[in-house]
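Visitor: have a look at this prediction, sequence included:
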Amino acid sequence: MNRDELKIKFEDIPPEGLSLGFEDQKGDLIKDCYPISRPIRAKVHLQRWGIDVKVTGEVETEVKLTCDRCLKEFPFEIKGRINVLLEPRAVLSRLKEEVRLTKEDLDVIFFDGITVEVDEVVREEILLAVPMRKLCKETCKGLCPICGQDLNEKSCECKPAFKDSPFAILKKLVVSSR
């Protein structure tokens with residue numbers, strides 16, 4: 001995959017639109033965030049809408065995530081739809097007053113008005129598809145905080161250490177009745 005081929009000049013997008021397909025075997029698009037276990041495949045269609053560009057398509061891959069509870073690596077499949085509107089940054093600078101965002105505004109990305117970076121649009125969609133809480137399974141029990149035993153494999157004999165509430169000291173206060 002040559003990333004320079006995925007930087008499309010606005011004026012090079014014909015009136016009927018431009019369709020692109022690419023495959024990233026090594027996962028270069030997201031190598032700084034997640035390793036992949038399957039190549040990144042994307043198909044996108046660019047359509048000019050006045051000074052804006054509508055980008056639609058799909059992306060699929062499988063990334064390797066680390067479970068937040070048990071710290072084991074697990075595969076996470078991503079199959080996502082791309083549906084974003086690219087607007088020139090110049091439009092943003094014209095807005096001086098506060099604006100209330102609508103749901104449609106959340107699917108807007110700003111670009112320089114000259115070059116559409118298709119690889120960056122695909123990268124963003126992949127990163128947005130990764131969940132905030134990464135769990136190998138919803139019922140993952142995690143690790144024992146005392147001995148480190150993986151509680152999914154077997155239980156341990158550790159007694160949970162209950163800390164006193166920070167407000168426990170208030171029980172010792174004596175209220176005088178004067």
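Guide: Arrived safely, thanks for sending. Quick caveat, the model's predicted, so the values are computed rather than measured.

Visitor: and the closest residue to residue 29 other than its chain neighbours, which helix or strand is it part of?
Guide: In this structure, residue 29 finds its nearest non-sequential neighbour in residue 123, 4.7 Å apart by C-beta to C-beta, 6 or more residues apart in numbering. All C-beta spots, glycine's among them, are computed from the backbone N, C-alpha and C. If you go by DSSP states H and E, residue 123 is part of helix 118-129.

Visitor: any idea of the mean pLDDT in that helix?
Guide: For helix 118-129, the mean pLDDT works out to 92.

Visitor: hmm, who's touching that helix?
Guide: 3, 6-8, 20, 22, 29-30, 33, 40, 42, 44, 46, 55, 59, 61, 63, 78, 80, 82, 84, 86, 109 (C-beta atoms under 8 Å, 6 or more residues apart in numbering).

Visitor: give me the buried subset of those residues.
Guide: 6, 8, 20, 22, 29-30, 40, 42, 44, 46, 55, 59, 61, 63, 78, 80, 82, 84, 86 (16 or more other C-beta atoms under 10 Å).
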